[in-house]
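Colleague: Below: sequence and its predicted model.
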Amino acid sequence: MGTGAALPEPGTTYEENARAKAEAVCEQCGRPALADDSGIEVLGLGGWPGPESARWMGEGASDRDRLLGLLDEVRRRSPGDARARYVAALAIARPGHATVVVRGQCDGVLVSPRGDGGFGYDPVFLSDELGVRFGEAAAQDKDAVSHRGRAVRALVASGALEDLGRG
């Protein structure tokens with residue numbers, strides 16, 4: 001795959017998209033490939049925007065546009081329920097092996113923006129476990145409870161990474 005090549009995201013779930021991307025790169029390169037898909041789900045909005053988290057406002061939207069837009073959607077469509085979760089799926093595709101897909105998630109609530117750490121929706125995601133917005137959290141604290149951190153730990157626990165150095 002060339003630099004900047006678009007990877008397929010044909011699925012309706014994080015797992016389907018992560019699998020499709022990892023398998024496409026593995027097939028093209030003949031080497032192991034790791035891919036992810038992630039997003040935020042608002043419970044009062046039925047899990048929306050989910051896998052569309054980065055795209056629901058269109059290509060020209062910034063992270064700030066999306067997070068303010070999401071807060072507007074919550075106020076408009078679900079004013080009493082701003083509970084949310086971050087979700088990440090990681091997939092590793094290896095020639096001659098079944099693709100392994102794992103998932104991690106963390107729970108919180110959407111609040112007014114504060115903090116300039118992290119990216120995406122982090123300034124409005126108040127972590128249940130940390131008691132602060134991800135945008136305010138120290139990197140090591142966020143990594144300990146984040147959806148991506150949990151997905152990485154699940155991938156390591158799966159054993160799928162153990163044979164990568166053997167051929």
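Modeller: Looks like it came in fine. None of the values given here were measured: they were computed from a predicted structure.
Colleague: which residues touch residue 52?
Modeller: residue 39 (C-beta atoms under 8 Å, 6 or more residues apart in numbering). For every residue, glycine as well, the C-beta is placed using N, CA and C.
Colleague: how about it, secondary structure?
Modeller: coil (DSSP: H, G, I helix; E, B strand; the rest coil).
Colleague: Report the residue spans of the protein with pLDDT below the cut-off.
Modeller: Scanning the chain for pLDDT under 70 picks out 1-6, 8, 165-167.
Colleague: Run through who's touching whatever helix or strand residue 107 lives in.
Modeller: Here residue 107 is covered by strand 100-110, with elements defined by DSSP states H and E. With contacts defined as C-beta under 8 Å, 6+ apart, strand 100-110 is touched by 14-15, 18-19, 42, 70-71, 74, 82-92, 121, 124-129, 134, 145-155, 158, 160.
Colleague: so what's residue 73 closest to, chain neighbours aside?
Modeller: residue 45 (6.6 Å; C-beta to C-beta, 6 or more residues apart in numbering).
Colleague: since we're on residue 142, how many residues are nearby?
Modeller: Other residues near residue 142 come to 23 when the count uses other C-beta atoms under 10 Å.
Colleague: What is the neighbour count of the closest residue to it other than its chain neighbours?
Modeller: The shortest distance from residue 142 to any non-neighbouring residue, by C-beta to C-beta, 6+ apart, is to residue 134 (5.4 Å). Neighbour count of residue 134, defined by other C-beta under 10 Å: 25.
Colleague: So which of the contacts of strand 100-110 belong to helices?
Modeller: Judged by DSSP state H, the subset of the contacts of strand 100-110 located in helices is 14-15, 18-19, 70-71, 74, 145, 147-155, 158.
Colleague: Distance-wise, check the closest residue in space to residue 43 that isn't next to it in sequence relative to residue 58.
Modeller: Leaving aside its chain neighbours, residue 43 sits nearest to residue 83 (4.3 Å; criterion: C-beta to C-beta, 6+ apart). As for residue 83, its distance to residue 58 is 26 Å (criterion: C-beta to C-beta, to the nearest Å).
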